[in-house]
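Trainee: model the following, please.
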Amino acid sequence: MLASVVTVAFEGVDARRVDVQVQQLPCGDHPVFNIVGLADKAVAESRERVRGAFGGIGLALPPKRIIVNMAPADLPKEGSHFDLPIALALLASMGVIPPDMLAGWAAVGELGLDGRIAPVGGTLPAAVAADAMGLGLICPEANGPEAAWAGDVAVLAPRSLIGLVNHFKGAQVLRRPEPGAMRSGDRVPDLREVKGQESAKRALEIAAAGGHNLLFVGPPGSGKSMMAARLPGLLPPLTPKELLETSMVWSVAGLIERGALTRDRPFRSPHHSASMAALTGGGLRAKPGEASLAHNGVLFLDELPEYSAQALDSLRAPLETGEIVVARANAHVRYPARFQLVAAMNPCRCGLGGGGKGACGKAPRCQRDYQNRISGPMFDRIDLTVETPPVTAADMALPPPAEGTTEAAARVLAARAMQEERLRAAGIDPDTARDQAVNARASGETLDRFARPDEAGRALLMRAGEAGGLTARGWTRTLRLARTIADLDGCDGVLRRHIAEALVHRRSTVGVQGDFERQAGRRTDAPAF
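Mentor: The predicted structure follows:
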């Protein structure tokens with residue numbers, strides 16, 4: 001008897017349909033269990049887990065040749081979530097469950113030897129895919145609250161295989177689980193706790209308002225990491241569409257616990273020893289990397305030059321495209337990676353820099369060698385570079401600032417509202433065109449229409465470009481940055497002062513590389529403002 005159950009295989013965060021077909025053929029006195037269909041070792045081991053689970057609920061495999069085919073056969077199958085669909089198809093072929101009762105369901109889940117169904121990653125995208133196919137989803141009890149977030153899709157979340165059999169036989173009823181809690185994230189430190197560093201606070205607010213990439217450069221203890229940790233408090237919560245996108249990535253990575261989601265934007269801070277695969281994803285079994293886990297949020301790279309050059313340069317394409325493509329021998333896996341990069345670095349290896357009290361005795365060579373670890377194209381993708389000088393004793397003795405995160409977040413929210421209004425005026429829905437929702441990702445057409453500077457601003461930008469301090473990408477990013485500064489000022493147009501402030505931050509990036517750019521014969525002097 002032939003029986004079939006629908007399940008899914010994951011390609012990135014996309015779930016593709018897989019039909020698990022089971023057929024029993026005559027053979028000798030002992031059962032033979034074969035799985036075909038480009039299955040990896042975890043799937044091949046399902047034979048023993050299914051055999052043990054059947055023994056745990058008092059069933060034995062029939063003395064026949066059992067063939068499990070996973071179609072399409074050319075699609076790689078990875079993971080332990082194929083255990084449950086294989087077991088259900090086998091139960092249907094044995095007549096334990098009527099095959100027609102499984103026709104409206106897809107299934108994912110890992111089996112224990114005692115018949116319990118263990119949680120698996122990827123339940124949320126599996127539920128979304130099942131809903132798109134017009135099917136319900138059978139998943140582990142622990143994953144039920146997560147699957148319930150997929151909408152109106154029918155969900156069964158049994159604790160064990162015997163409970164699922166009893167449900168289909170009518171001996172008990174499994175109710176649809178409720179969606180998990182919408183939890184609040186960890187408390188974000190307040191900007192009011194930061195004394196001094198007013199220019200860094202201003203840059204942090206600009207970065208939050210426009211989604212711009214940001215680099216802090218300063219000696220140890222100047223507050224670089226402290227400032228970056230306060231950025232999430234300035235960002236608006238995730239929209240419903242962004243929440244679903246982000247949660248699907250986290251679901252595939254197995255990081256959602258009991259279906260609890262959060263509207264707080266992700267803030268990922270990997271250690272500088274992270275490999276390229278850890279940042280971008282991949283490995284033997286492709287999983288999302290830190291850049292994808294920061295989708296719609298912030299990726300903070302502390303001690304930027306300490307990362308390997310290969311790992312840093314692997315982020316250059318995602319910073320432009322908003323996605324990561326992991327090329328493998330048998331497939332190309334895509335992960336969303338639309339993140340905001342925030343980085344911090346010391347000016348040189350010893351951290352002291354080339355000026356001021358306690359200056360590095362090896363300057364400028366120490367600075368040049370240390371900063372050469374970061375490629376020019378990577379620097380060019382950073383919109384704001386801010387120097388954070390040491391905080392003085394006089395700054396520390398001052399009372400707390402009058403403004404904190406609450407006030408700055410209100411200005412950021414107002415600036416983002418202006419950006420959404422412009423998109424709607426251009427006939428673009430911000431909810432569907434998330435790749436253009438903030439100024440940092442504004443298209444050329446949008447910039448031509450809404451970020452064209454006045455005559456004085458255009459003349460200043462032209463002088464900066466002619467001085468050799470701006471690439472074509474730098475020109476566009478300067479306009480985007482100036483548009484954000486104008487939004488924070490509440491201005492409809494981009495004025496000269498907005499261009500000037502934007503160039504100061506782009507000029508800082510050129511200054512970081514100034515020593516070795518001068519060696520190459522390039523001009524690094526920015527125009528006078």
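Trainee: end to end, how far does stretch 389-408 reach?
Mentor: Distance across stretch 389-408, first residue to last, is 22 Å (Cα to Cα, to the nearest Å).
Trainee: mind listing what's buried along it?
Mentor: Within stretch 389-408, the residues that count as buried by 16 or more other Cβ atoms under 10 Å are 389-391, 401, 404-405, 408. (Each C-beta comes from the backbone N, C-alpha and C, glycine too.)
Trainee: just the closest of those residues to residue 131, please.
Mentor: In terms of Cβ to Cβ, no member of those lies closer to residue 131 than residue 405, at 38.4 Å.
Trainee: hmm, residue 234 and that closest one touching each other?
Mentor: Yes. If you go by Cβ atoms under 8 Å, residue 405 and residue 234 touch, sitting 6.4 Å apart.
Trainee: next, residue 16: secondary structure please.
Mentor: Under DSSP: H, G, I helix; E, B strand; the rest coil, residue 16 falls in the strand class.
Trainee: check the one 4 residues further on too.
Mentor: Assigned with three-state DSSP, residue 20 falls in the strand class.
Trainee: residues contacting it?
Mentor: By Cβ atoms under 8 Å, 6 or more residues apart in numbering, the residues touching residue 20 are 4-7, 68-70, 82, 85-86, 89.
Trainee: scan these and report the most crowded one.
Mentor: The residue in the contacts of residue 20 with the most neighbours, by other Cβ atoms under 10 Å, is residue 82 (34 neighbours).
Trainee: can you pull the contacts of that residue?
Mentor: With contact set as Cβ under 8 Å, 6+ apart, residue 82 has these partners: 7, 18, 20, 39, 43, 46, 70, 108.
Trainee: if I look at the second one, how far off is residue 252?
Mentor: I take that to be residue 18. From residue 18 across to residue 252, the span is 16 Å (Cβ to Cβ, to the nearest Å).
Trainee: quick one, strands of the stretch 1-150 of the chain?
Mentor: Taking DSSP state E, counting those that start in this stretch as the test, the strands found in the stretch 1-150 of the chain are 2-11, 14-26, 32-36, 64-71, 105-107, 110-111, 117-118, 136-138.
Trainee: name the helices or strands packed onto the third one?
Mentor: Where contact means 3 or more Cβ pairs under 8 Å, 6 or more residues apart in numbering; DSSP states H and E, strand 32-36 is packed against helix 46-56, strand 64-71.
Trainee: report the buried residues of that strand.
Mentor: 33, 35.
Trainee: shared neighbours of residue 405 and residue 234, which are they?
Mentor: Applying Cβ under 8 Å, 6+ apart, one finds that residue 405 and residue 234 are jointly contacted by residue 191.
Trainee: in the chain, which ranges drop under the pLDDT threshold?
Mentor: For the chain, applying pLDDT under 70 flags the ranges 283-284, 329-330, 353-359, 468-469, 507-529.
Trainee: now with 50, please.
Mentor: 509-529 (pLDDT under 50).
Trainee: may I ask you to confirm that residue 151 is in contact with residue 136?
Mentor: No. With contact defined as Cβ under 8 Å, residue 151 does not count as touching residue 136 (11.8 Å).
Trainee: neighbour count for the two, which is higher?
Mentor: With neighbours defined as other Cβ under 10 Å, residue 151 and residue 136 compare such that residue 136 has more, 19 against 10.
Trainee: let me know the distance separating that one from residue 69.
Mentor: Applying Cβ to Cβ, the value for residue 136 to residue 69 is 23 Å.
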